[in-house]
Structure formats: structure tokens, C-alpha cells
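[1] Got a predicted structure here, sequence first:
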Amino acid sequence: MKTYVVGGAVRDALLGLPVKDHDHVVVGATPEEMVKAGFRPVGKDFPVFLHPETQEEYALARTERKTAPGYKGFVFHTSPDVKLEDDLVRRDLTINAIAQAEDGALIDPYNGQQDIKDRIFRHVSDAFSEDPVRILRVARFAARFPGFTVAEETNALMRKMVDHGEVDALVPERVWQEISRGLMEQKPSRMLQVLRGCGALAHIIPELDRLWGVPQPPQWHPEIDTGIHMEQVVDYAAACGHELPVRFAALMHDLGKAVTRPEKWPAHHGHEGEGVDLVQQVCKRLRVPTDCRDLAVMTARDHGNVARALELRPSTIVTLFERNDGFRKPERFSQMLLASECDVRSREGGGVSFRDRPFPQKAHLEKALAAARAVNAGEIAQRCVDNPGKIPELVRAARVRAVKEAIGFDGDDSEDGEERT
């Protein structure tokens, strides 16, 4: 029985990156021998075992055979006579098909070390085409390692897989898992670029794919193209270290610009409202978690109002808080402000950058929300025991007054119209 470290641990060590987890392949052993040695079996589809002390994963060397569309249609075969090379040839990329023996020697039958030096994602064999999840994984790796490019032959293979409908067989949960992980990587825009480069994004999130080629007013969007804007926004959110809900909201906030009237472009009046249904559509299809969905819907609907927050009257600001449940969930409201800030400050193109521009809207609205939340609704209710129907009206009026005082507003405080930028 021989054991080898494989996959990400070897790759990351060669890249000079910290190694978090070690995966191992075991050659020349049976499941019974692993159990006898104290390993605990955990694999469902094929034999995987946890080391009795380190709890790291040890998988028996295996081969596999495609039996049905999608990523679940495989039959696995393990036996003591399966060679290490037989296991490695089924892996996705050459950079992930390098093994390290117990004495430190590297086994690299598919030239993964050279591809690491050349910063190339290259598939190991045609077995890559049997699992559509690998397209998502390559895109996610591109977000993690933005200096790498996809080999031409690998991109051609991925496009062929898309054309043959393999991507359409993916289950929503797996798509969301990979997309969400990619959003949390160093440069999420690379994930979008790889998915677009092979045609997969049009199948996975067509509402997003339609944004490339849609123009915006250059005085507000020097990058002009809405798709490029989305790349910039998610990268800015990643650079700020924001949480997943904020990054997903940043990705979804401008979907409505793809469905505004082309004859009115580059203007996109009303795109916020148009975008709400599209965001909900994406979230329903991909079964996006509630926290990500709710923040994305809020941001799509109200990022324009946040952008013009300094112009809003106190009554309109209170309505903004009410509509977004800001009194009960101020932390989520602040997340929407973060996503809206990413929208504004990420913009750059043609030698113009908004990166260093101030974004006072965030502090302005947070100050107003703190003042409105400080209103003692219970005290107001006690004064209205004889007329409880007046309580909501009086509480709202008190909140409007508190906001007016907090922001130093001295004009007409009647509510603004619904027009949004």
C-alpha cells in the first residue's frame, strides 16, 4: 500500500501558497485493509476514508466510467491494481493531477508543473468533457488564480460541452455552490469571463450574460459597457473583503439594464424596478439562500435611491427604511449601502476612475437610520391608548422629525416622488 498527496495541496505548494488541506490517494489497498488500519469510511459514491489521527481524506485510487448526462452519471471502480496514473488521468486540470510521494518525490505524468510555470489551465484528458461541473471549477479557479489563462484546446472543449447540453444537466444547488465560491475568490470577474468565453454563462445566468454590450452614459460610467461594469463592481467588492450576500447583490444590481428600451440607450430610466423581477427569477432558479436573495432584491430596487440619498427628503428616507425593513434589520440595510458603494466607486475607464471619490451617502443614511430607530415607539403607543389606530402615523411622523434633525434638513419634508436615477 502506497499513499500520495494529490491535487490542491501539491499545486498550492508549487505556487508558494499556504496549504490548508491535504487529500491523499491510496494505491494497492482494499477497503477492508483501510478499515483494519484504523481508517473510518465516509465515501458514498467511492471509497474515501478519514485518517484516524489527522482526519484528512484518503481515497482509494479509482477509475470511472460515464453512464448518464450531468455530473452524477458515473460508475467508479477501485481495486488494488488501479495505478496512480489511472487515477490522475481522470482529474480535471494538469495542475491538479500532480502527486507527491511519501519521500517528497513528485509524480507528474501530464506536465502539470510546466502548466503551473506557464500559468495555464489545461485539461488532462477527454475525460474532462464527461463532467460539466468542471467548467464551473475552471471558472472558479480563474477567479482564485487570476494570472492563469485557459488553454485554447480546453476552452474549445468546454464550448463543445456547452453546445452538447452538458451544462443544462447541472442541478441548481451545484451551480450556486460553484458560483458563490467563485464570488468569494480574489477576482470574481475572471470567473465571469471564463464562463462567457465558452458560452456557459448564457445557459447558467442568461439575465447576467445579456448585460455585455449594453451601453451606459459615459459621464457616469466611464467603462460604458454594463457587463464590464458588473465585472468591476464584483472585483471591488472582493477587494474590500465583503461577505457573500454583498458580493452577490453587487453582481445582480443592474440586471434591469438589459431589458430597458434600446432606443433610449444609453439611458436606463426605471431599470431598478425592471431588475427586481429578474433577480428574483435568478434566485428562484438557482435556489439562492434567503440572505443573498433578499439583499440582492433590495439592492436592485433601491441602489439608485441610495446614490441620490443626499437629495432625498426626510419622509422619503423613512419610506426607504420601511421598504427595506431597516428598523428591524439595520445590519442588512448597511449591507445594501456597501453594495451600492461598490456600484459607484468601482467605475473606471478611458483614464477616468471613481475609485477615490467619496461616498457620503452611506454615512448619511446610517446616521438617519440611527436617529429614526432611536424613536421610542412604545412611549408613543402609551400616549395613544384611547386611539391605537393613530400609533403608526404618529410613530412615522416622529421618525421623519428625527431624520430631519439628524441630517440638518431645513426644506419641505413632503415625500419625494418615485422617480429614480
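    Cool, the structure landed. Quick caveat, the model's predicted, so the values are computed rather than measured.
[2] where in this structure is pLDDT low?
    Filtered on pLDDT under 70, the chain yields the residue ranges 44-46, 64-79, 414-421.
[3] so how far is residue 177 from the residue nearest the centre of it?
    Relative to the mean C-alpha position of the chain, the nearest C-alpha, by CA atoms, centre = their mean, is the one of residue 183, at 3.0 Å. Between residue 183 and residue 177 the computed distance is 11 Å (CB to CB, to the nearest Å). Quick note: C-beta positions are derived from backbone N, CA and C, even for glycine.
[4] what's the closest residue to residue 2 other than its chain neighbours sitting at in phi/psi?
    Distances taken as CB to CB, 6 or more residues apart in numbering place residue 27 nearest to residue 2, at 4.9 Å, with adjacent residues excluded. With angles defined as degrees, to the nearest 10, residue 27 shows backbone torsions of phi -110, psi 130.
[5] Can you report how many residues neighbour residue 27?
    19 (other CB atoms under 10 Å).
[6] That one reaches residue 83, doesn't it?
    Yes. With contact taken as CB atoms under 8 Å, residue 27 and residue 83 are classed as touching, separated by 6.9 Å.
[7] what sits in contact with each of the two?
    Shared contacts of residue 27 and residue 83, defined by CB atoms under 8 Å, 6 or more residues apart in numbering, are found at residue 61.
[8] Just to check, residue 48 is in contact with residue 41?
    Yes. Using CB under 8 Å as the test, residue 48 is close enough to residue 41 to be in contact (7.3 Å).
[9] The two: which has the busier surroundings?
    Taking other CB under 10 Å, residue 48 and residue 41 do not tie; residue 48 has more neighbours (20 against 12).
[10] what's the closest non-adjacent residue to the more buried one?
    Here the nearest residue to residue 48 in space, its sequence neighbours aside, is residue 59; by CB to CB, 6+ apart that works out to 4.7 Å.
[11] For the one you found, name its beta-bridge partners.
    On the basis of DSSP bridges, residue 59 takes part in beta bridges with residue 25, residue 48.
[12] Begin at 500, not 1, for the rest of this chat.
    New numbering, starting at 500: the last item is residue 558.
[13] my read: it touches residue 526, true?
    No. Residue 558 sits out of contact with residue 526 when judged by CB under 8 Å, with a separation of 10.6 Å.
[14] anything in contact with each of those two?
    Joint contacts of residue 558 and residue 526 (CB under 8 Å, 6+ apart) do not exist.
[15] tell me which element residue 502 is part of?
    With elements delineated by DSSP states H and E, residue 502 resides in strand 501-505, which encompasses its position.
[16] Counting neighbours, which bits of that strand end up buried?
    The neighbour-count criterion (16 or more other CB atoms under 10 Å) identifies 502, 503, 504, 505 as the buried residues of strand 501-505.
[17] and that strand, what does it pack onto?
    For strand 501-505, the elements it packs on are strand 522-526, helix 583-587, strand 598-599, judged by 3 or more CB pairs under 8 Å, 6 or more residues apart in numbering; DSSP states H and E.
[18] Now do the contacts for the residue nearest to residue 547.
    For residue 558, counting by CB under 8 Å, 6+ apart, the contacting residues are 522, 523, 524, 525, 542, 545, 546, 547, 548.
[19] just the residues you listed now: which is nearest residue 766?
    Set against residue 766, the nearest of the contacts of residue 558 by CB to CB is residue 522 (52.1 Å).
[20] Report how many residues lie close to the closest one.
    For residue 522, the number of neighbouring residues by other CB under 10 Å comes to 17.
[21] Pretty sure it sits against residue 511.
    No. The criterion here is CB under 8 Å, and residue 522 misses it with residue 511 at 11.6 Å.
[22] now the helices for the stretch 600-749 of the chain?
    Listed in chain order, the helices found in the stretch 600-749 of the chain under DSSP state H, counting those that start in this stretch are 611-617, 632-643, 651-662, 671-682, 687-696, 700-703, 705-708, 725-738, 743-751.
[23] For the fourth one, could you pull out the residues that count as buried?
    By neighbour count with 16+ other CB under 10 Å, helix 671-682 contains the buried residues 673, 674, 675, 677, 678, 679, 680, 681, 682.
[24] Tell me which helix or strand the closest residue to residue 741 other than its chain neighbours sits in.
    Of all residues not flanking residue 741 in the chain, residue 837 sits nearest, at 5.8 Å (CB to CB, 6+ apart). Residue 837 belongs to helix 829-844 when elements are defined using DSSP H and E.
[25] C-terminal to that helix, which secondary structure element comes first?
    Sequence order places strand 847-848 as the next helix or strand after helix 829-844, per DSSP H and E.
[26] and whichever helix or strand comes after that following strand, how far from the chain's centre?
    Tracing the chain past strand 847-848, the next element assigned as helix or strand by DSSP H and E is strand 851-852. Centroid displacement of strand 851-852 relative to its chain, using CA atoms, centre = their mean, to the nearest Å, is 25 Å.
[27] now stretch 649-668
    Distance, stretch centre to chain centre, for stretch 649-668: 21 Å (CA atoms, centre = their mean).
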